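>>> need a 3D model of the following:
(one chain, ligands or ions: 1)
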Amino acid sequence: MSVKIAPSLLAADFAHLAHEVGRVPNADWLHVDVMDGHFVPNLTIGPPVVQALRRVTSLPLDVHLMVEAPERWLEAFARAGADRLTIHVEATVHLDRLLRQIRELGLHPGAALNPATPVESLRYVVELVDQVLVMTVNPGFGGQPFIPGMLRKVAEVRRLLESQGSHADVVVDGGVDERTAPHLVAAGASVLVAGTSVFGDPDPAAALTRLRRTARPPSDR
Ligand SMILES: O=C(CO)[C@H](O)[C@H](O)COP(=O)(O)O
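Got it, this is the predicted structure:
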């Protein structure tokens with residue numbers, strides 16, 4: 001299984017987004033963090049920015065909604081050109097319904113878990129998701145230290161998916177770098193979201209290549 005790398009634009013220069021996108025041509029997906037100032041204590045971007053990104057890249061846009069009442073935004077992000085849409089299990093009491101709606105809109109649905117949220121909350125929606133995002137920091141800000149206990153959770157998510165015959169991706173988000181990536185991949189992660197370790201580097205494409213290499217088995221680096 002080859003691991004995908006999704007640089008997080010949260011760590012990019014917002015004044016030059018098109019330029020920043022051009023600096024990671026070797027990315028598999030572009031990760032877009034949407035924050036509403038309620039679900040998380042930060043405000044970032046909305047559908048108009050996703051629409052603008054859509055014009056400058058053909059890479060899949062992986063939109064991570066860190067918002068309350070995500071049902072208000074599904075159509076808007078679909079219209080803006082998102083390819084993949086992940087909502088938080090803590091943000092809705094109608095997770096099943098919203099994941100189905102995302103699929104009906106023609107997008108890949110994802111469910112995200114905050115660090116304190118148990119994996120068990122996904123048991124009855126496994127067949128509805130193309131990806132499960134495990135937050136490996138508390139959501140809201142880039143540049144935070146990885147929470148080591150989340151390695152066990154990544155493995156638990158992978159086991160849950162396998163137990164139901166699902167090939168959904170396990171996405172990890174927060175504090176992903178060359179040091180943490182090998183452990184995350186060994187635990188079952190198939191997509192690494194990386195902000196600071198990619199865009200914080202003077203050469204983001206080279207940083208991404210290094211990250212991809214560390215994610216391979218030692219014999220294959
Ligand atoms: O979802 C996020 C924050 O809520 C970011 O995607 C995540 O923190 C990535 O940033 P970094 O790699 O700098 O930790």
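>>> hey, let's count contacts and neighbours off CA atoms from now on
Will do.
>>> His94: how many residues sit nearby?
His94 is surrounded by 11 other residues when neighbours are defined as other Cα atoms under 10 Å.
>>> no wait, Arg72
Around Arg72 there are 10 other residues, counting by other Cα under 10 Å.
>>> and Gly140, by the same measure?
For Gly140, the count of nearby residues is 20 (other Cα under 10 Å).
>>> tell me the pLDDT of it.
According to the per-residue confidence, Gly140 scores 98 in pLDDT.
>>> over to Ile5?
Looking at Ile5, its pLDDT stands at 98.
>>> now do the SS call for it.
In the three-state summary, Ile5 is assigned as strand, counting by DSSP: H, G, I helix; E, B strand; the rest coil.
>>> how far away is the closest residue to Gly143 other than its chain neighbours from the ligand?
Ranked by Cα to Cα, 6 or more residues apart in numbering and with sequence neighbours excluded, the top spatial neighbour of Gly143 is Thr196, at 5.8 Å. For Thr196, the distance to the ligand equals 4 Å [Cα to the nearest ligand atom, to the nearest Å].
>>> list the contacts for Thr196?
Thr196 makes contact with 11, 142-143, 175, according to Cα atoms under 8 Å, 6 or more residues apart in numbering.
>>> among these, which are in reach of the ligand?
For the ligand, the contacts drawn from those by Cα under 6 Å from any ligand atom are 142-143, 175.
>>> quick one: which of those is most hemmed in?
Using other Cα under 10 Å as the neighbour definition, those reach their maximum at Gly175, which records 25 neighbours.
>>> tell me if I'm right that that residue and Asn138 touch.
No: applying Cα atoms under 8 Å as the test, Gly175 and Asn138 come out as separate, 10.2 Å apart.
>>> inside strands: which ones of the contacts of Thr196?
Cross-referencing the contacts of Thr196 against strands under DSSP state E gives no overlap.
>>> pick out the most distant pair among those residues.
Ala11 and Gly175 (11.8 Å; Cα to Cα).
>>> anything in contact with each of those two?
Common neighbours of Ala11 and Gly175 (Cα under 8 Å, 6+ apart) are 142, 196.
>>> start to end distance for stretch 22-29?
Between the opening and closing residues of stretch 22-29 lies a distance of 13 Å (Cα to Cα, to the nearest Å).
>>> hmm, I was thinking of stretch 42-60
Using Cα to Cα, first and last residues of stretch 42-60 are 24 Å apart.
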